[in-house]
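Novice: make a model of this:
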Amino acid sequence: MAWFRKDKPPLRASPEKRVQTEGLWVKCENCKQIVWKGDLEGNLYCCPRCGYHFKMGAPERLAMLFDGGHFTEHDAKLASSDPLAFQDNKAYRDRLKQAQAQTGMKDALMTGEGRIEDRPAIVCAMEFRFIGGSMGAVVGEKITRAIDRAIAGKLPLVVVSCSGGARMMEGAISLMQMAKISAGLARLDDAGRPFISVLTDPTTGGVTASYAMLGDLNIAEPGALIGFAGPRVIEQTIRQKLPEGFQRAEFLLEHGMLDAIVPRKEMKSYLAKTLGLLAH
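Specialist: Next comes the predicted model:
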């Protein structure tokens with residue numbers, strides 16, 4: 001009769017069991033299917049059902065592109081000094097500490113030197129989890145140093161962009177990085193070294209307005225959002241409805257703003273072949 005009286009408390013999952021299942025499943029933003037995280041990682045963070053390209057971290061990006069996942073990291077200890085002592089609802093210093101703890105990186109860009117299908121190259125990859133991949137003084141300095149190394153070592157440069165744009169917490173210092181990097185790329189061009197820009201979802205703001213669109217070759221991943229201002233801001237400014245797919249990689253390719261769209265699984269091979277052509 002205890003069954004009917006419910007004298008015993010109902011069974012509950014232990015906290016340990018709940019924790020073990022957290023983060024193991026991811027919902028695809030495109031097809032809305034639930035994907036096991038292990039399958040997603042094994043498929044280079046592309047949905048195995050529809051091919052949707054999830055954001056990829058900077059360390060994983062470099063490991064994917066370099067042979068055997070091996071590369072030498074440069075300038076890993078560069079960190080922002082909070083030049084403006086900026087604070088809104090949270091101090092910028094606290095935001096930096098939080099992002100550093102979350103990503104294990106000092107700032108929003110990682111630089112690696114290694115080989116892409118046995119071709120030497122320097123690759124910079126942006127990390128969106130670090131304050132939206134925003135471009136501050138450290139990002140500008142690390143890319144500029146990568147340019148200097150490429151010139152000195154006679155190496156090609158690849159920059160993988162994934163950013164919300166300039167970092168507002170550093171004000172004009174952040175905006176100065178646009179000119180600083182662009183000037184460095186002009187020196188790289190004078191030295192005859194190739195620069196390939198890879199645009200991923202999203203690439204916006206001051207990053208798009210500077211180095212992301214200055215490549216000898218500008219290529220993008222499928223479906224990447226690429227633009228300066230957001231669609232809503234543009235519609236409010238011009239007071240017109242934007243075309244479907246506006247600011248997506250496919251739209252930009254159709255209108256001559258990109259040279260190619262390359263799926264992630266083909267990116268390494270594509271870069272290697274392109275570097276071989278540009279080296280001559």
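
Novice: what segments of the stretch 1-150 of the chain are strands?
Specialist: For the stretch 1-150 of the chain, the strands defined by DSSP state E, counting those that start in this stretch cover 25-27, 34-36, 71-74, 109-116, 119-126.

Novice: what about the closest residue to Q100 other than its chain neighbours, distance to K97?
Specialist: In this structure, Q100 finds its nearest non-sequential neighbour in K106, 6.1 Å apart by CB to CB, 6 or more residues apart in numbering. To be clear about C-beta, it is placed using only N, CA and C from the backbone, and glycine gets the same treatment. Counting by CB to CB, to the nearest Å, the gap from K106 to K97 is 11 Å.

Novice: with neighbour numbers in mind, choose between the two.
Specialist: More crowded of K106 and K97, by other CB atoms under 10 Å: K106, with 19 against 11.

Novice: need the per-residue pLDDT for the more buried one.
Specialist: pLDDT, K106: 98.

Novice: wait, L258 touches L199, no?
Specialist: Yes: in terms of CB atoms under 8 Å, L258 counts as a neighbour of L199; the distance is 7.5 Å.

Novice: quick check: neighbours shared by these two?
Specialist: 218-220, 226, 249 (CB atoms under 8 Å, 6 or more residues apart in numbering).

Novice: for those residues, name the two members farthest from one another.
Specialist: Pairwise distances across these peak at 11.2 Å for I219 and I226 (criterion: CB to CB).

Novice: now do the shared contacts for the two.
Specialist: 199, 258.

Novice: now do V233 against L258, distance only.
Specialist: From V233 to L258 the distance is 22 Å (CB to CB).

Novice: between those two, which one's more packed in?
Specialist: In this view V233 and L258 are compared by other CB under 10 Å, and L258 has more residues nearby, 22 against 11.

Novice: now that one, nearest residue through space, not along the chain?
Specialist: Per CB to CB, 6+ apart, closest to L258 is L252, 4.8 Å.

Novice: got a pLDDT number for the nearest residue to Y52 once chain neighbours are set aside?
Specialist: Spatial nearest neighbour of Y52, chain neighbours left out: N30 (3.8 Å); criterion: CB to CB, 6+ apart. Looking at N30, its pLDDT stands at 94.

Novice: what about N30, neighbour count?
Specialist: Neighbours of N30 (other CB under 10 Å): 14.

Novice: which helix or which strand is home to P202?
Specialist: strand 195-203 (DSSP states H and E).

Novice: I'd like the mean pLDDT over stretch 123-142, please.
Specialist: Mean predicted lDDT for stretch 123-142 stands at 98.

Novice: repeat that for stretch 250-269.
Specialist: Rounded mean pLDDT across stretch 250-269 is 97.

Novice: what stretches of this protein score poorly on pLDDT?
Specialist: 1-22, 280 (pLDDT under 70).
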